[in-house]
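Q: heads up, no residue letters with this:
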């Protein structure tokens, strides 16, 4: 069989004929749809990969990285040392998806002989994503606060470790601060600092005040506030000033940071928010009191009163806080909430009970006596989150299904207003699954059950047992940013997505490469930013793009 006929045969086998031309000039680009389908099916043995690579269609290499394992990542090794620079760079992109450290040695060898800045940067990023402890000194050695790629590599390397500053002594902390004050990578450096603890051992409060004063960018200020909070009560005046300023992300972070303090002035400010604040401000203050002034019975009494607040988000936050301040009393309220007419309150009560051994024992009994109910299932999930990862996998969408939805928009009519989402072309399988979910009516009534200001608004929880059988959808990673307004797939790890999603309400740099971006808010971003826990998707519909 000649090469052209092989291409057509693969097209026929995969059921995707469009774009598969017999002309030599278009052979290379014809593989993309088949490669995407094979990647979603996690079929590294599909002959389309070999055919594409023979035709130098290097987009196949990142897809092999997404598949992972020996079959996917193992095929990248020879291309990491290829004489073709385009092949090497594409293989490096794929290597960043190969979590687990299997390619650490190969990448470190390549770093020694890499000649171009672009290649060195891509190797560092790949090492940052997948590297184990042996990689740490390598990433630190090549760290340059003025180089966005090296900052990003270190950020991803420590993103979920929350290391102490003393564990990163090789870092040029003064250089990081200088970059925050006067460089085009200020945001990345500030973000990096939020992943490091005990920074008060390497910086002074005066240095952080100066950094705050050197920028009027609220996204950067918000990040620096998280660092300032590490100085404890000494930072009270700074936080109070920011908390009393105009509304915005910096003000929100200042209130949240007060949970790490214990002085009288910030306590009084939080109390004033409990009494006169908006529902969101009340929730922030309640959450702050979950970790401070625990011996103040007056505060505990105020929190207990709010467990019955008419705003469901406030009531749920109060229950969560009370579970820390007065566990026995909180368990009484939580047990009562399990039978509430409001599913959101029952759901939050279940998750509150799961935070203590006594509460977990109550949940075990509840799950046993409420089998085959959504709340019983929620109790089981709270006790063991892996139960949520179903063994059912959704079939790979067909080309016809993808084509049908490509010019459609997802419109969410929420209790706060309308949000319109445009799907991104790079994640067609995730997009198609959510379009089908909306079209089936199963998104109607979904809760915004996890709303964290300056982070995400997450939806997907609903009292509908049929959603347990929707099935897992696979991760679709590509060069994307979790910027404000982008829509991501919520997961418990690679390939465990299903019906839950989130809207980024901040630029969440550490989520890149870990969570699929499948859409962006094209209308109603103000509504998305105003969402509160307990809000509802009243109706989801598919509409034609203008």
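A: Sure, I can see it. Quantities reported herein were computed from a predicted structural model and do not represent experimental measurements.
Q: helices and strands of this structure: which one bottoms out on pLDDT?
A: helix 3-14 (a mean of 36; mean pLDDT, DSSP states H and E).
Q: so where's the protein shaky on pLDDT?
A: Counting by pLDDT under 70, the chain shows low-confidence ranges at 1-29.
Q: for it, which segments count as strands?
A: With strands called from DSSP state E, the chain shows them at 163-164, 196-197, 408-414, 417-423, 446-452, 456-461, 486-489, 501-504, 517-523, 536-544.
Q: give me the contacts around the longest one.
A: This means strand 536-544. Here strand 536-544 makes contact (Cβ atoms under 8 Å, 6 or more residues apart in numbering) with 405, 407-415, 420, 435, 437-439, 441, 443-448, 459. Bear in mind the C-beta positions are built from the backbone N, C-alpha and C, glycine included.
Q: whichever of the residues you listed end up buried, select them in PyMOL.
A: In PyMOL, this line selects whichever of the contacts of strand 536-544 come out buried by 16 or more other Cβ atoms under 10 Å:
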select buried, resi 405+408+409+410+411+412+413+414+420+435+437+438+443+444+445+446+447+448+459
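Q: check contacts around residue 200.
A: Taking Cβ under 8 Å, 6+ apart as the test, what residue 200 contacts is 230, 231, 232.
Q: ok, so of those, who is nearest residue 378?
A: residue 230 (35.3 Å; Cβ to Cβ).
Q: any idea how many residues pack against the residue nearest to residue 193 when sequence neighbours are not counted?
A: Closest residue to residue 193 apart from its sequence neighbours, by Cβ to Cβ, 6 or more residues apart in numbering: residue 227 at 5.2 Å. Neighbours of residue 227 under the rule other Cβ atoms under 10 Å: 24.
Q: same check, this time on the one 5 residues further on
A: The tally of other residues near residue 232 (other Cβ under 10 Å) stands at 14.
Q: tell me who's in contact with it.
A: 200, 260, 261, 262.
Q: which of those tops the neighbour count?
A: Counting neighbours by other Cβ under 10 Å, the top entry in the contacts of residue 232 is residue 261, with 24 neighbours.
Q: does that one really touch residue 239, like I thought?
A: Yes - in this structure, residue 261 is within contact of residue 239 by Cβ atoms under 8 Å, at 7.3 Å.
Q: overlap of the contact sets of those two?
A: residue 229.
Q: how is this structure divided into domains?
A: Listed by automatic domain parsing, the domain ranges of the chain are 3-141, 298-388, 399-544.
Q: what's the end-to-end length of the last one?
A: By that I understand domain 399-544. Terminal residues of domain 399-544 lie 19 Å apart, using Cα to Cα, to the nearest Å.
Q: near residue 165, how many other residues are there?
A: 18.
Q: state the distance from it to residue 503.
A: 33 Å (Cβ to Cβ, to the nearest Å).
Q: before we move on, what about residue 420?
A: 12 Å.
Q: cool, residue 254 as well?
A: 23 Å.
Q: do residue 233 as well
A: Taking Cβ to Cβ, one finds residue 233 at 35 Å from residue 503.
Q: one more: residue 258?
A: Between residue 258 and residue 503 the distance is 26 Å, computed by Cβ to Cβ.
Q: over to residue 478?
A: 19 Å.
Q: tell me, how many neighbours does the closest residue to residue 524 other than its chain neighbours end up with?
A: By the measure of Cβ to Cβ, 6+ apart, the closest residue to residue 524 outside its immediate chain neighbours is residue 419, 3.9 Å from it. Neighbours of residue 419 under the rule other Cβ under 10 Å: 25.
Q: partner residues bridging residue 419?
A: Note on residue 419: beta-bridge partners by DSSP bridges are residue 412.
Q: how close does residue 349 get to residue 60?
A: Residue 349 is 49 Å from residue 60, by Cβ to Cβ.
Q: who has more neighbours, these two?
A: Legend: neighbour count by other Cβ under 10 Å for residue 349 and residue 60, higher for residue 349 (32 against 27).
Q: tell me if I'm right that that one and residue 342 touch.
A: No - with contact defined as Cβ under 8 Å, residue 349 and residue 342 do not form a contacting pair (10.2 Å).
Q: how much space separates the residue nearest the centre of the chain from residue 488?
A: The centre of the chain sits closest to residue 511, judged by Cα atoms, centre = their mean, with a distance of 4.5 Å. Distance, residue 511 to residue 488, using Cβ to Cβ: 7 Å.
Q: show me which of residue 233 and residue 503 is the more surrounded one.
A: Taking neighbours as other Cβ under 10 Å, residue 233 and residue 503 compare with residue 503 leading, 27 against 14.
Q: how close does that one get to residue 528?
A: Taking Cβ to Cβ, one finds residue 503 at 5 Å from residue 528.
Q: which one is residue 516 nearest to, not counting chain neighbours?
A: residue 489 (4.1 Å).
Q: the one you found bridge partners, please.
A: Beta-bridge partners of residue 489, as defined by DSSP bridges: residue 501.
Q: was I right about it contacting residue 474?
A: No - contact criterion Cβ under 8 Å: residue 489 and residue 474 do not qualify, at 9.5 Å.
Q: residue contacts, residue 319?
A: 307, 330, 333, 334, 337, 345, 348, 349, 352.
Q: what about the residues you listed, which one has the most neighbours?
A: In those, the most neighbours by other Cβ under 10 Å go to residue 349, 32 neighbours.
Q: how much space separates that one from residue 512?
A: 34 Å.
Q: could you work out the most separated pair of the contacts of residue 319?
A: Taking Cβ to Cβ as the measure, those reach their widest spread between 330 and 345, a distance of 13.2 Å.
Q: what's the burial count for residue 315?
A: Using other Cβ under 10 Å, residue 315 has 26 other residues around it.
Q: give the contact list for residue 420.
A: Applying Cβ under 8 Å, 6+ apart, the residues near residue 420 are 409, 410, 411, 412, 521, 522, 523, 524, 543.
Q: verify the stated contact: the fifth one with residue 529.
A: If I follow you right, that is residue 521. No - between residue 521 and residue 529 there is no contact under Cβ under 8 Å: 9.4 Å.
Q: more neighbours, these two?
A: Of the pair residue 521 and residue 529, residue 521 is the one with more neighbours under other Cβ under 10 Å, namely 21 against 18.
Q: which residues does that one contact?
A: By Cβ under 8 Å, 6+ apart, the neighbours of residue 521 are 419, 420, 421, 485, 486, 487, 503, 528.
Q: returning to what we had before: quick check, nearest of the contacts of residue 319 to residue 320?
A: Among those, and counting by Cβ to Cβ, the member closest to residue 320 is residue 352, at 5.2 Å.
Q: what lies in contact with stretch 246-253?
A: Residues contacting stretch 246-253 (Cβ under 8 Å, 6+ apart): 218-219, 221-222, 225-226, 242-245, 284, 453-454, 506.
Q: most widely separated two among those?
A: 244 and 506, at 21.6 Å, using Cβ to Cβ across the contacts of stretch 246-253.
Q: contacting residues for the residue nearest to residue 193?
A: Residue 227 neighbours (Cβ under 8 Å, 6+ apart): 190, 193, 194, 199, 203, 208.
Q: what is the nearest of those residues to residue 430?
A: The closest of the contacts of residue 227, once distances to residue 430 are taken by Cβ to Cβ, is residue 194, at 27.8 Å.
Q: measure the closest residue to the closest one other than its chain neighbours to residue 92 for me?
A: Counting by Cβ to Cβ, 6+ apart, residue 226 is the residue found nearest to residue 194 once chain neighbours are left out, at 4.9 Å. Distance from residue 226 to residue 92, counting by Cβ to Cβ: 31 Å.
Q: residue 147 too?
A: Distance from residue 147 to residue 92, counting by Cβ to Cβ: 16 Å.
Q: returning to what we had before: roughly how far apart are the nearest residue to the residue nearest to the centre of the chain once chain neighbours are set aside and residue 391?
A: Distances taken as Cβ to Cβ, 6+ apart place residue 482 nearest to residue 511, at 4.2 Å, with adjacent residues excluded. Here residue 482 is placed at a distance of 29 Å from residue 391 (Cβ to Cβ).
Q: so between those two, which is more surrounded?
A: Taking other Cβ under 10 Å, residue 482 and residue 391 do not tie; residue 482 has more neighbours (22 against 6).
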